[in-house]
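S.K.: Sharing a model that was predicted from the sequence below.
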2 protein chains.
Amino acid sequence: MKNRDIAIIGSGLVGSLLSIYLIKKGHKVTVFDRRPDIRTIQFSGRSINLAMSNRGWNALHAVGLEEEIKKIAIPLYQRAMHVNDQPVYFQKYGKEGEAIWSISRGVLNRRMIDLAEAAGVKFKFNEKVWDVNLPEAKIYTGETEKSEWKAYTFDHIFGCDGAFSRVRHKMQRRSRFDYSQDFIDVGYKELTIAPDENGNHKLDKNSFHIWPRGKFMLIAMPNLDGSFTCTLFLPFEGDVSFETLTTEEKAKDFFKEYFPNVRKEIEDLTKDFFKNPTSAMVTMKCFPWTYWDKVALVGDSAHAIVPFYGQGMNAGFEDIFVLNQLMEELGDDWEAVFKAYEKERKPNTDAIAELSYRNFIEMSKKTADPNFLLQKKIEKHFAKNHPDKWIPVYSRVTFSDKPYSDALHIGDEQERIMKEIMKIPDIESKWDSKEVEEKILSYL
Amino acid sequence: MKNRDIAIIGSGLVGSLLSIYLIKKGHKVTVFDRRPDIRTIQFSGRSINLAMSNRGWNALHAVGLEEEIKKIAIPLYQRAMHVNDQPVYFQKYGKEGEAIWSISRGVLNRRMIDLAEAAGVKFKFNEKVWDVNLPEAKIYTGETEKSEWKAYTFDHIFGCDGAFSRVRHKMQRRSRFDYSQDFIDVGYKELTIAPDENGNHKLDKNSFHIWPRGKFMLIAMPNLDGSFTCTLFLPFEGDVSFETLTTEEKAKDFFKEYFPNVRKEIEDLTKDFFKNPTSAMVTMKCFPWTYWDKVALVGDSAHAIVPFYGQGMNAGFEDIFVLNQLMEELGDDWEAVFKAYEKERKPNTDAIAELSYRNFIEMSKKTADPNFLLQKKIEKHFAKNHPDKWIPVYSRVTFSDKPYSDALHIGDEQERIMKEIMKIPDIESKWDSKEVEEKILSYL
């Protein structure tokens, strides 16, 4: 295989992992980022902790990084549901030993850049790409849009520059480029629960903590230092919203009323609430993802999703895993690799976008609709008795490497069956009966 | 009302009509266009003739331009369907006297600019807007993106700069801006049928001519000079497509095989085919359309649609009509006007986008699916006997000023009814029976 001179735009998680894949193949790799080196700065307070699951680990495993990264991850075996006036209850994620792994985005990103640099990748920080010449694989960088620009020419360029990608932006101005960005009307804010005086976690360390409150929700994921990174999801506008929580007093009352078991943290939470920015969430889809054999989008730049399935990074890492497989199959024919890559990935990333959006809708309903809760209870009961016949969508997405589009498709099929089941007269009282079980079996 | 200093970006149909509305209200109006004055140049060969219908005329009427513009328009009372090996057959568009009006885009645009200039609007051609400061209603123009820029500040800015609007582009980079662009896999090319030796139309002048061929289609609309502007809609890729028609020989064979009754024009059509560009078609949606009381998008910049309902310009003109009504209702509160404008128009332009896209799908099926043709026959038959009970969607869109969203909604309802009707056993033989008529009545 011919060694190439490759540029990666973006030194985030996807950019840095891709750089490791490519340098290990013998290519020359330069990573550009408009921001300073994340290892030299305080990481911004706008991140949701990552939940690494099967697809992410697969991609790390293939370049021998799984064990290294597991050292900075904490396994979460269950959800811890915090419902007011009830004891915390736990829901296992999967089968024995199945877990999602909590990792701080900043910690992971720094480690990945260290590893990439050690492998020979060259990083150019504080260098913003303003324009891309797609057919010539040429990028232009500079201080400002109107300042003198520097031009670099490469054999190939990868746009790993996130949901608001500059590389995609250039592709987007071409004819016949499909594109959509859809924001949800809920925003989020990062908050922190500090370690206790001994440096330990104040809540169960191996759980994903959720305070579901209908239209809003608080979650918490553990960090190595004993703290939790919390995320408050809250509507931008409306009764209880970012728009209305304008004073410290109101914010305090809000935490007191809705999250009584984090009462001790209220001072910190309130401080964070006004210190940290409110972020928006978007679903972004586009096509094509590639330009000839010259340019390809990978990760969020090709498919940004809302975070309610914890699959954003996992989907991006799987892009790389698939790209690598195709490079091994198709060798030096980069145009064929790029065409096959976008063709294979597009339906799957569309599927995880849809599933993530549905999870957002579902989470708002979860505590409110008794029918929905009953349906979930029946599914769970059946799956327990017939684990081979009913694999929940969550497991297909999180603990498997089968295509996301299969998970979506089979999930729709399960939903169709459950619609029929829920029509059974008096289903409330016989939800765990032999009759219901037989009925479900008859549909499968 | 306070007189304002207003910029309109784009001197197309919507921009120039809006300028006339605003100058008549006493505002100062400057129109910027990156292109040269259309009155001084040969108009490009990439236009589909316009079909002005009710909504467009309403908007012209309200500023007293209807009669003036009717002078350059030709009424079309019917479709003329050209099916191979059959005589041409005619389908009336609506009731007696109802027509759509064929206008050449270039001719109309020139006239509108003349009228605007005469009313006192100032035009700045060849001046491209590179950046917009939204909160300050400031625009920056210049030779190139990197050259020295000139800054202008206004009270309000209207982005009438089309589907690839620079003004919207600036709004799009903000958070929580929803946006989508979806291209269809069919392109189009402008072709011309010249007048006969006496300067007369070679085909019936008062018809919209259609050669439906399943996956592709030719249409022709008359011009004042005796010519027809034709548009060939053809897939970009595939068996019969722009991709495969690469030589004059192939293009000639194509016209000969599929459009035998324009055989005499083949030399001209073939020449045009290689002279004129192939254009793509896009559905573009976005929201919001306005920024405070400072900036508003009007026409294609806010909602671009595929041309298969002939409503692109009509929808843009209706935007202006509605904006004007709201200005009269709400007076000097521009923020309220802008908010009400986007709220009222958005569901309607979404509806016409959907209807236009469906018409594209429908046109591909029309000649192929006997069930579809039978259904249309039944609807027509019923509508004729019960004109008060069944107004076809086409008439609601074209010959009414009722909201597009009503047309879509009622059309869906009609479709639901017809689905049931088509299930009637032996419907092929009793489609015009009393039984079927009664059945439809029972659903209404």
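M.R.: Looks like it arrived, so ask away. Since the model is a prediction, treat every value here as computed from it, not as a measurement. Numbering: from 1, shown residues only, chains lettered A, B, ... in the order given.
S.K.: Let me know the secondary structure of the closest residue to A:F158 other than its chain neighbours.
M.R.: Excluding the flanking residues, the one nearest A:F158 by CB to CB, 6 or more residues apart in numbering or on different chains is A:I8, at 4.7 Å. (C-beta placed from N, C-alpha, C; glycine too.) Three-state call for A:I8 (DSSP: H, G, I helix; E, B strand; the rest coil): strand.
S.K.: Who are the contact partners of A:I8?
M.R.: A:I8 sits next to A:15, A:18-19, A:22, A:29-32, A:157-158, A:160 when contact means CB atoms under 8 Å, 6 or more residues apart in numbering or on different chains.
S.K.: Closest one to B:P222 out of these, please.
M.R.: A:I157 (49.7 Å; CB to CB).
S.K.: Touching whichever strand or helix holds A:F90 from outside, list them.
M.R.: Here A:F90, judged by DSSP states H and E, is contained in strand A:89-92. Strand A:89-92 is contacted by residues A:77-81, A:83, A:207 when judged by CB under 8 Å, 6+ apart.
S.K.: what ranges do the helices span in chain A?
M.R.: A:13-24, A:54-61, A:66-70, A:105-118, A:166-172, A:248-258, A:266-275, A:312-330, A:334-366, A:370-385, A:393-398, A:404-421, A:427-430, A:434-443 (DSSP state H).
S.K.: who wins for proximity to chain B among those?
M.R.: For these, the distance to chain B is smallest for helix A:166-172, at 8.0 Å, taking CB to the nearest CB.
S.K.: Quick one: mean pLDDT for the strand holding A:F90?
M.R.: Per-region confidence: strand A:89-92 scores 90 on mean pLDDT.
S.K.: And for stretch A:122-136?
M.R.: Rounded mean pLDDT across stretch A:122-136 is 97.
S.K.: List the contacts of A:D178.
M.R.: By CB under 8 Å, 6+ apart, A:D178 lies in contact with A:285-287, B:181-183.
S.K.: Out of these, which two sit at the greatest distance?
M.R.: So, these by CB to CB: farthest apart are A:K285 and B:F183, at 13.4 Å.
S.K.: now the contacts of A:I8 as TSV including distance to A:W292?
M.R.: Output for the contacts of A:I8, formatted as TSV (distance: CB to CB, whole Å):
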residue	distance to A:W292
A:G15	21
A:L18	19
A:S19	22
A:L22	18
A:V29	20
A:T30	20
A:V31	22
A:F32	20
A:I157	11
A:F158	14
A:C160	18
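S.K.: Can you turn the buried part of the contacts of strand A:89-92 into a PyMOL selection?
M.R.: Command for PyMOL that selects the buried part of these, burial taken from 16 or more other CB atoms under 10 Å in any protein chain shown:
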select buried, chain A and resi 77+78+79+80+81+207
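S.K.: Mind listing the residues bridging to the residue in the stretch 51-200 of chain A positioned nearest to chain B?
M.R.: Per CB to the nearest CB, A:S180 is where the stretch 51-200 of chain A lies closest to chain B, at 3.6 Å. Using DSSP bridges, the bridge partners assigned to A:S180 are A:K285, B:S180.
S.K.: Let me see the contact set for it.
M.R.: By CB under 8 Å, 6+ apart, the residues touching A:S180 are A:283-286, B:179-182.
S.K.: Please apply the same query to A:K285.
M.R.: Going by CB under 8 Å, 6+ apart, A:K285 touches A:178-180, A:303, A:349-350, A:353.
S.K.: For these, pick the one with the most neighbours.
M.R.: Comparing the contacts of A:K285 by number of neighbours (other CB atoms under 10 Å in any protein chain shown), A:H303 comes first, having 26 neighbours.
S.K.: I am assuming it contacts A:A351, so please confirm or correct that.
M.R.: No. In this structure, A:H303 is not within contact of A:A351 by CB atoms under 8 Å, at 10.2 Å.
S.K.: Can you pull the residues of chain A lying near chain B?
M.R.: A:145-146, A:164, A:172-173, A:175-183, A:236, A:280 (CB under 8 Å from any CB of the partner chain).
S.K.: if you set the cut-off to 10 Å instead, what comes out?
M.R.: Chain A has residues A:130-131, A:142, A:145-149, A:164, A:169, A:172-185, A:187, A:236, A:278-287 near chain B, with proximity defined as CB under 10 Å from any CB of the partner chain.
S.K.: Could you tell me which of these count as buried?
M.R.: Among these, those scoring as buried are A:130-131, A:142, A:146, A:149, A:169, A:176-184, A:187, A:278-279, A:281-287 (criterion: 16+ other CB under 10 Å).
S.K.: For chain B, what's its nearest residue on the stretch 301-444 of chain A.
M.R.: For the stretch 301-444 of chain A, CB to the nearest CB, closest residue to chain B: A:A304, 12.8 Å.
S.K.: Okay, and the beta partners of that residue?
M.R.: Legend: beta-bridge partners of A:A304 under DSSP bridges are A:M284.
S.K.: what's near enough to touch it?
M.R.: A:A304 is in contact with A:162-165, A:181, A:281-286, A:312, A:315-316, A:349, A:353, A:356, counting by CB atoms under 10 Å, 6 or more residues apart in numbering or on different chains.
S.K.: likewise A:R213?
M.R.: A:R213 makes contact with A:82-84, A:233-234, A:240, A:257-259, A:363-364, A:367-368, according to CB under 10 Å, 6+ apart.
S.K.: Could you give the average pLDDT over stretch A:61-68?
M.R.: 97.
S.K.: Over to stretch A:152-168?
M.R.: Averaging pLDDT along stretch A:152-168 gives 97.
S.K.: hey, C-alpha coordinates of that stretch in CSV?
M.R.: The C-alpha trace of stretch A:152-168 is given here as CSV (Å, rounded to 0.1, in the frame of the first residue of the first chain):
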residue,chain,number,x,y,z
TYR,A,152,-1.3,23.1,2.6
THR,A,153,-1.9,20.3,0.1
PHE,A,154,-2.4,16.7,1.1
ASP,A,155,-3.3,13.4,-0.5
HIS,A,156,-6.4,13.1,1.7
ILE,A,157,-8.3,15.1,4.2
PHE,A,158,-10.5,13.9,7.0
GLY,A,159,-13.1,16.3,8.5
CYS,A,160,-13.3,15.3,12.2
ASP,A,161,-14.3,18.8,13.2
GLY,A,162,-17.6,18.1,14.8
ALA,A,163,-21.3,19.0,14.4
PHE,A,164,-20.4,22.4,13.0
SER,A,165,-17.7,21.2,10.7
ARG,A,166,-15.9,23.7,8.5
VAL,A,167,-15.0,20.9,6.1
ARG,A,168,-18.6,19.8,5.7
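S.K.: buried sites along that stretch?
M.R.: Buried residues in stretch A:152-168 (16+ other CB under 10 Å): A:152, A:154-163, A:165-168.
S.K.: Tell me which two in these are the farthest apart.
M.R.: Using CB to CB, the pair of the buried residues of stretch A:152-168 lying farthest apart is A:D155 and A:A163, separated by 26.2 Å.
S.K.: Identify whichever of the helices of chain A lies nearest to A:R46.
M.R.: helix A:105-118 (9.7 Å).
S.K.: Can you tell me which helices and strands the closest one packs against?
M.R.: Counting by 3 or more CB pairs under 10 Å, 6 or more residues apart in numbering or on different chains; DSSP states H and E, the packing neighbours recorded for helix A:105-118 are helix A:13-24, strand A:28-32, strand A:50-52, helix A:66-70, strand A:122-124.
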